[in-house]
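1. Structure for the following, please:
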Amino acid sequence: MAVLRSALGAPFAAARARPPPLGRRPPPAPCSALAGAMEPAPHWLVGLRFDNRALRALPVETPPPGPEGAPSAPRPVPGACFSRVRPAPLRQPRVVALSEPALALLGLGAPPAALFFSGNALLPGSEPAAHCYCGHQFGQFAGQLGDGAAMYLGEVCTAAGERWELQLKGAGPTPFSRQADGRKVLRSSIREFLCSEAMFHLGIPTTRAGACVVSQSTVVRDVLYDGNPRPEKCAVVLRIAPTFLRFGSFEIFKPADELTGRAGPSVGRNDIRVQMLDYVISSFYPETQAAHAGDSVQRHAAFFREVTRRTAQLVAEWQCVGFCHGVLNTDNMSVMGLTIDYGPFGFLDRYDPDHVCNASDTAGRYAYSKQPEVCKWNLQKLAEALDPALPLELGEAILAEEFDAEFRRYYLQKMRKKLGLVRAELEEDGALVAKLLETMHLTGADFTNTFYLLSSFPAGPESPDLAEFLATLTAQCASLEELRLAFRPQMDPRQLSMMLMLAQSNPQLLALIGTRASLTRELERVEQQSRLEQLSQEELHSRNRSHWADWLRDYKARLEKDREGAEDAAAAAWQAEHVRVMHANNPKYVLRNYIAQNAIEAAENGDFSEVRRVLKLLETPYHREGEAAEPAEPEAAEGRLSYSSKPPLWAAELCVT
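-> This next block holds a predicted model:
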């Protein structure tokens, strides 16, 4: 994964009957039998008890013999879910940052993180292994993929009876590394570390990150994909989750794909598929196991139904906070309904439903607005992978019944909270939300800041003049300069001319090489750019003000309906609840790409303080005045923009791939 400032300005864009609050779920599988069962350990290991259930419950490949200390050779791994591996040591590892809340899950005090979380030494009781999985990548079955850079260390049972799987990402080659080296570099590691923790504190289900470690060891990467590779320092992230099993874990049984010809490495091994289902359901869905102990088909159906619901809720959470995953392949979808594998990702700045945060996604398959549709498609592939343990017809019926309805229900419920509608649920609310997003799109409004500002909208019946609020709100809209940059043509004029000629002479060829959508988008950019050239900043401001005044009238009327019948003390109680709910659902801080980039650039120069400051900032994303003081923001101290302000112009030119 590369982060760069693009010359073209390309956009870059756990077990329970009912889920506890998102971002705090799922409680790990219990392992109370182990609590206090082991000998005393060093002080920093107090509470750390390994019970590596996955390696006992699922088939594990023992690597073929080879030279002592030699790395795992890339190879197919049939008939196994894991392969044993060893981390490759790094030179002079140093801690970039630790997440105290994540490490607290494990009962860890102050461990020697650089040594153990770089892979240079193994935690007592850990058994490193790499997980075998397959996946559909950008819609095409890719065959065996697996943990090419991540290593399972084992599962830790805590004094509270919780179970957490530990992983090191970037710890060296595995049988699944293919042509890669199994390493991760500092920039991608910082992004994953920060975003894992940011998502948790936003209340969104996610894997966690406990540590980020960098070293003096280097690997060569072509950062700009321009033929000029350079050495970069290797880094490792400690990842934590109940399990890292994913949709693709069940695709290792897939027969040869009709389009790609690729097959999973364990075709025909329905016995392993059933083993994996038994392990996942008994470990992470105990209520499902208990309710259907005597009927495997109904047990598998209830499991798939719950995965479908969790996934629908997860993507609804993403949409409501403006998060774009970027690589929503089936191998990046968790069977626990967690956000997993932070490669190219981004949070919306200017609201654009067609925003693509991964510059490699030239067809826009994983655009922001398409994420619900893609997650449903991925669930279809999971249903296919579970057959015959779960008959496909039954799986498809569950998907059709559950996903769309659960997504719409959960999304609208969350949006009502973001708008402070705390009493009545009306049919018209969907239209109000749709008009809000349309207004944000038309005015280029900043997604996070617009919702945050709405928390201070004067909602009382005796509201003062709205001119001041309207001025503040329209200040979050895109300026003419920002829009001209955003819609700057991406193709060279000669390339565009050639593509237009091809579209006229041989449209079938154009569709075959996959450039029709790109050409359509480019023509739209040219047209938009032409309109912007005819527009003045004053005209743009007037137009934006008109759009927002129109929507705010509808919003004010809806708030009055929500408050209807409340008088005196009841009205005051409504107002307090209205504000409280909005404050709890509209963050002030998200990990915008430019914030991550500032931290990366400082860290690459040896200064890790910015990573740590940003981490602390993201631990209180809903901070409000009067609460505990937030960490100092160096931008504000130096006269630059605060991280809660609208992003600087250069942020639009960042590119992630």
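
2. In the stretch 151-300 of the chain, what residue spans correspond to strands?
-> 163-169, 184-185, 208-221, 230-241 (DSSP state E, counting those that start in this stretch).

3. tell me the average confidence for the third one?
-> Mean pLDDT, strand 208-221: 96.

4. Determine the angle, from 0 to 180 degrees, between that strand and strand 230-241.
-> Inter-element angle recorded for strand 208-221 and strand 230-241: 160 degrees (by axes from the mean of the first three to the mean of the last three CA atoms, to 10 degrees).

5. Counting by contacts, list what strand 208-221 packs against.
-> strand 94-98, helix 100-104, helix 113-116, helix 186-202, strand 230-241 (3 or more CB pairs under 8 Å, 6 or more residues apart in numbering; DSSP states H and E). All C-beta atoms are positioned from the backbone trio N, CA, C, and that covers glycine.

6. Between strand 163-169 and that strand, find me the angle.
-> Strand 208-221 and strand 163-169 are oriented at 20 degrees to each other (the same axes, to 10 degrees).

7. ok, strand 208-221: who's next to it in the sheet?
-> strand 94-98 (antiparallel), strand 230-241 (antiparallel) (DSSP bridges).

8. ranking those strands by burial, who's on top?
-> strand 230-241 (a mean of 23; mean count of other CB atoms under 10 Å).

9. Go ahead and confirm residue 60 touches residue 77.
-> No. Applying CB atoms under 8 Å as the test, residue 60 and residue 77 come out as separate, 9.9 Å apart.

10. Looking at the two, which is more packed in?
-> Between residue 60 and residue 77, counting by other CB atoms under 10 Å, residue 77 is the more crowded of the two (25 against 18).

11. contacting residues around the residue lying closest to residue 180 once chain neighbours are set aside?
-> Spatial nearest neighbour of residue 180, excluding adjacent residues (CB to CB, 6 or more residues apart in numbering): residue 148 at 5.5 Å. Counting by CB atoms under 8 Å, 6 or more residues apart in numbering, residue 148 touches 130, 174, 176, 177, 178, 180, 182.

12. 10 Å instead, please
-> 74, 130, 173, 174, 175, 176, 177, 178, 179, 180, 181, 182 (CB atoms under 10 Å, 6 or more residues apart in numbering).

13. follow-up on the earlier one: would a markdown table of the helices and strands packed on strand 208-221 with mean pLDDT be doable?
-> As requested, those are exported to a markdown table (pLDDT from 0 to 100):
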| stretch | mean pLDDT |
| --- | --- |
| strand 94-98 | 96 |
| helix 100-104 | 94 |
| helix 113-116 | 90 |
| helix 186-202 | 98 |
| strand 230-241 | 97 |
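
14. For these, could you give me JSON lines that also reports distance to residue 363?
-> Shown next, in JSON lines, are the helices and strands packed on strand 208-221 (distance: least, CB to CB, whole Å):
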{"stretch": "strand 94-98", "distance to residue 363": "35"}
{"stretch": "helix 100-104", "distance to residue 363": "35"}
{"stretch": "helix 113-116", "distance to residue 363": "41"}
{"stretch": "helix 186-202", "distance to residue 363": "23"}
{"stretch": "strand 230-241", "distance to residue 363": "29"}
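
15. Out of the ones you listed, which is closest to residue 486?
-> Minimum separation from residue 486 across these (CB to CB) falls at helix 186-202, 22.5 Å.

16. could you dump the closest one to PDB, C-alpha only?
-> The C-alpha trace of helix 186-202 is given here as PDB (Å, rounded to 0.1, in the frame of the first residue of the first chain):
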ATOM      1  CA  LEU A 186       6.400   2.300   8.200                       C
ATOM      2  CA  ARG A 187       3.800   4.300   6.200                       C
ATOM      3  CA  SER A 188       1.300   1.400   5.800                       C
ATOM      4  CA  SER A 189       1.900   0.200   9.400                       C
ATOM      5  CA  ILE A 190       1.200   3.600  10.900                       C
ATOM      6  CA  ARG A 191      -2.000   3.900   8.900                       C
ATOM      7  CA  GLU A 192      -3.200   0.400  10.000                       C
ATOM      8  CA  PHE A 193      -2.200   1.100  13.600                       C
ATOM      9  CA  LEU A 194      -3.900   4.400  13.800                       C
ATOM     10  CA  CYS A 195      -7.100   3.500  11.900                       C
ATOM     11  CA  SER A 196      -7.700   0.300  13.800                       C
ATOM     12  CA  GLU A 197      -7.800   2.300  17.100                       C
ATOM     13  CA  ALA A 198      -9.600   5.200  15.500                       C
ATOM     14  CA  MET A 199     -12.400   2.900  14.400                       C
ATOM     15  CA  PHE A 200     -12.800   1.300  17.800                       C
ATOM     16  CA  HIS A 201     -13.100   4.700  19.600                       C
ATOM     17  CA  LEU A 202     -15.700   5.700  17.000                       C
END
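
17. I'm done for today, thanks for sticking with me.
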